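**Student:** what shape does this take:
(one chain, ligands or ions: 1)
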Amino acid sequence: MTSLEVSVTDLAAGVTRITLPLPTGPKHVHCYVVDGTLFDTGIGLGEPHWDELEIERIAITHFHPDHVGGAEAAAAATGATVHQGGLDYAQCERVWGSHDWPERIAEWFLTHGVPEAIAQELIEQGHAFAAFIRFARDPELLYEGSELAGWTVVELPGHADGHLGFMRDGILIGGDHLLARITPAVGLYPESRPDPLGDYLRSLERTIELAPRIVYPGHGEPIEDVAARAAEIIEHHRERLDLIAGTLAREPRSGYEVSLEAFGAALSPAQRRFAVAETLSHLERLVREGRAARAGDGRAVTYTAP
Ligand SMILES: [Zn+2]
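**Tutor:** Here you go, the predicted structure:
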């Protein structure tokens, strides 16, 4: 598959995977159609002919651009109702639907030590990007335990605060909660849940308990050894927590400074944004585990060894 093609694959009885191109990152994102339900909609570039598929309803796993960005177009083409998590939709509106989100997030990054020039570039990129994200307004809202066409909704916070999974007959439509080769990003962001890595580790434990036979993810191949993959990702974060704890000393350091050590100094502003957010999610987990201390007045936040 070249990066510009849409491909449609029948994976198993009744499970159709639609793979759409992405300009960056893993270069592709998967949507799935099962019994008339379309899960996720791509970023909104290189659309398939949604109206040629049998789609009666649309379900969104989380509000990240590669999953929700095509929702308005898919809904318009099919006439289907869009269903999205309650918390997830609130964050979707805040991030993609408000005019000053790039300024607010840049301001927050400044409090974590990100240099002015990088913050400024994030503002510009944020405004350029937001114009392309066409999420669907006023969806039907879903919560833990909601039922949708025989699927049970499970809230799996971590990669996104309001990330949902959909369970039916041993199948978990997993969005970016569990991926085969990539470790899903888990970042701290403003106006969001305070301990996303703690949320994520619990969601991974929960996934092991739910014991789906197979997970169909947003990127990469389906996952059959679910418990092993979840355990591997838990272990990855345990190691990274140890690594980040090891960078702390008595001298206060910002999340940005710690990110330079944990992720290296040679990153683009967009990559640095993820590196700082990921560093902060680990620092906040360490604070809760008594392995780091946070200080600051909301204008300059720093971390030390406890
Ligand atoms: Zn994704």
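**Student:** what distance separates the start and the end of stretch 254-268?
**Tutor:** Counting by CA to CA, to the nearest Å, you get 19 Å between the two ends of stretch 254-268.
**Student:** and it, how far from the chain's centre?
**Tutor:** On the basis of CA atoms, centre = their mean, to the nearest Å, stretch 254-268 sits 21 Å off its chain's mean C-alpha point.
**Student:** output the helix or strand harbouring residue 152 as PDB, nothing but the C-alphas.
**Tutor:** Per DSSP states H and E, residue 152 falls inside strand 151-155. Extracted in PDB, the C-alpha atoms of strand 151-155 (Å, rounded to 0.1, in the frame of the first residue of the first chain):
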ATOM      1  CA  TRP A 151     -21.400  -3.600  21.600                       C
ATOM      2  CA  THR A 152     -20.600  -2.700  25.200                       C
ATOM      3  CA  VAL A 153     -18.700   0.500  25.800                       C
ATOM      4  CA  VAL A 154     -15.600   0.300  28.100                       C
ATOM      5  CA  GLU A 155     -13.800   3.400  29.200                       C
END
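**Student:** what comes up buried for that strand?
**Tutor:** Buried positions in strand 151-155, judged by neighbour count with 16 or more other CB atoms under 10 Å: 151, 153, 154, 155. In this view, the C-beta of every residue, glycine as well, is placed from N, C-alpha and C.
**Student:** with stretch 175-182 instead?
**Tutor:** 175, 176, 177, 178, 179.
**Student:** nearest residue to the third one in space, please, no chain neighbours.
**Tutor:** The shortest distance from residue 177 to any non-neighbouring residue, by CB to CB, 6 or more residues apart in numbering, is to residue 156 (4.6 Å).
**Student:** please list all residues in contact with the one you found.
**Tutor:** Neighbour list for residue 156: 163, 164, 165, 174, 175, 177, 203, 206, 207 [criterion: CB atoms under 8 Å, 6 or more residues apart in numbering].
**Student:** from these, which two are the most distant?
**Tutor:** 175 and 206 (14.5 Å; CB to CB).
**Student:** now what about the host helix or strand of residue 201, what contacts it?
**Tutor:** Taking DSSP H and E as the criterion, residue 201 maps to helix 196-210. Contacting residues not belonging to helix 196-210 are listed as 154, 156-159, 161, 163, 165, 167, 172, 177-178, 184, 186-188, 193, 215, 226-227, 230-231, 233-234, 237, 241, 281-282, 284-285, 288 [CB under 8 Å, 6+ apart].
**Student:** residue contacts, the closest residue to residue 8 other than its chain neighbours?
**Tutor:** Leaving aside its sequence neighbours, residue 8 sits nearest to residue 18 (CB to CB, 6+ apart; 5.4 Å). Applying CB under 8 Å, 6+ apart, we find residue 18 in contact with 6, 7, 8, 30, 31, 32, 33, 42, 48, 53.
**Student:** is it true that the fourth one lies in a helix?
**Tutor:** No: Residue 30 sits outside any helix when classified using DSSP: H, G, I helix; E, B strand; the rest coil, being strand.
**Student:** so what's the residue count around it?
**Tutor:** Residues near residue 30, counting by other CB atoms under 10 Å, number 26.
**Student:** can you list the weak-confidence ranges in the chain?
**Tutor:** The model of the chain has pLDDT under 70 over residues 1-4.
**Student:** all strands for it, in order.
**Tutor:** Assignment of strands within the chain using DSSP state E yields the ranges 7-12, 15-21, 28-34, 37-39, 57-59, 81-85, 140-142, 147-148, 151-155, 164-168, 171-175, 214-217, 293-295, 302-304.
**Student:** between those, which one is closest to the ion.
**Tutor:** Closest approach to the ion among these is made by strand 28-34 (5.7 Å; CB to the ion).
**Student:** please state the offset of that closest one from the chain centre?
**Tutor:** In this view, strand 28-34 has its centroid 16 Å away from the chain centroid, taken as CA atoms, centre = their mean.
**Student:** the ion contacts on this protein?
**Tutor:** 66, 176, 218 (CB under 5 Å from the ion).
**Student:** surely residue 127 touches residue 100?
**Tutor:** No: the pair residue 127 / residue 100 is not scored as a contact, 9.7 Å apart, by CB atoms under 8 Å.
**Student:** skip the chain neighbours and tell me the closest residue to residue 188.
**Tutor:** Spatially, and ignoring its direct neighbours in sequence, residue 188 is nearest to residue 280 (3.9 Å; CB to CB, 6+ apart).
**Student:** list the buried ones in stretch 177-196?
**Tutor:** 177-179, 184-189, 192-193, 195-196.
**Student:** sorry, that was for stretch 70-83
**Tutor:** Those would be 70, 71, 72, 73, 74, 75, 77, 78, 80, 82, 83, for stretch 70-83 by 16+ other CB under 10 Å.
**Student:** not counting its own residues, what contacts that stretch?
**Tutor:** 20, 38, 41-45, 47, 49-51, 53, 55-60, 84, 134-137, 139-142, 148.
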